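Q: predicted model follows, preceded by the sequence.
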Amino acid sequence: MGLRSMVSTEGCRVEISQRLKRWPTILDKLEREPTLDLSRMQDIGGCRAILDSIDDIRRVEARVRKNRSIVGYSDYIAKPRPSGYRGVHMVVEYDQRAIEIQLRTQGMHEWAITMEQIGGNIGLFLKTEGDHPVQELMAAVSQAMADQESGRMSDEALLSSIRTLRARASQSLKERHGQG
């Protein structure tokens, strides 16, 4: 049973796409994990499902577990990365290959794409590299998005922090591009 049919069986609206790890990202991962052999890298290729809600993610996750052997699992919704990245990553056996399935909401997906675009523009892998003011801002924005997806209002301390971090990130970007 393929991912699209698993999702439709659960009655979820979904956008599914293939995803291939880009060369700079592969090289960065091999550099960060020197004992990792390229042939054992499980997330070079896979697919991504963009779902309407966290409840939909959990339903699809349960369906995948029921139909595929799980060889790797990371729940970045329950425990987001320090960068603020959220989503569920499942590595499954498919035709004797390890394939990564990423499950995200539209908000999680837009956050990740924005992070990649900003990182590309300033020449940093913001998901993993350094301690940049943009990373701090995006982690706070991710928390506000998580609040919204859970039906909670972000507290004033978080909103105030986002305003402060936005100004710091903006200044840092201006200085980086000689506009400061």
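A: All right, it came through fine.

Q: now the helix or strand that residue 56 is a member of: average pLDDT?
A: The secondary structure element spanning residue 56 is helix 54-67 (assigned by DSSP states H and E). Model confidence over helix 54-67 averages 94 on the pLDDT scale.

Q: any idea how far that helix is from the chain center?
A: On the basis of Cα atoms, centre = their mean, to the nearest Å, the separation between the geometric centre of helix 54-67 and that of its chain is 17 Å.

Q: kindly report the same for stretch 28-38.
A: For stretch 28-38, the distance to the chain centre is 19 Å (Cα atoms, centre = their mean).

Q: what's the answer for stretch 117-131, then?
A: The chain centroid and the centroid of stretch 117-131 are separated by 14 Å, computed with Cα atoms, centre = their mean.

Q: related to what we said a few turns ago, can you give me the buried ones in the helix holding residue 56?
A: For helix 54-67, a neighbour-count test (16 or more other Cβ atoms under 10 Å) marks 54, 56-61, 63-64 as buried. (C-beta placed from N, C-alpha, C; glycine too.)

Q: contacts for stretch 102-117?
A: Here stretch 102-117 makes contact (Cβ atoms under 8 Å, 6 or more residues apart in numbering) with 19, 46-54, 56-57, 60-61, 77, 83-90, 126-127, 138, 141-142, 145, 148-149.

Q: apologies, that question was intended for stretch 151-162.
A: Residues from elsewhere that reach stretch 151-162, judged by Cβ under 8 Å, 6+ apart: 137, 140-141, 143-144, 147-148.

Q: and of these, the nearest to residue 173?
A: When the contacts of stretch 151-162 are compared for distance to residue 173 (Cβ to Cβ), residue 137 wins out at 10.2 Å.

Q: tell me where the longest strand sits in the chain.
A: strand 97-105 (DSSP state E).

Q: for it, which strands pair with it and how are they oriented?
A: Here the strand partners of strand 97-105, with direction, are listed using DSSP bridges: strand 45-51 (parallel), strand 88-94 (antiparallel).
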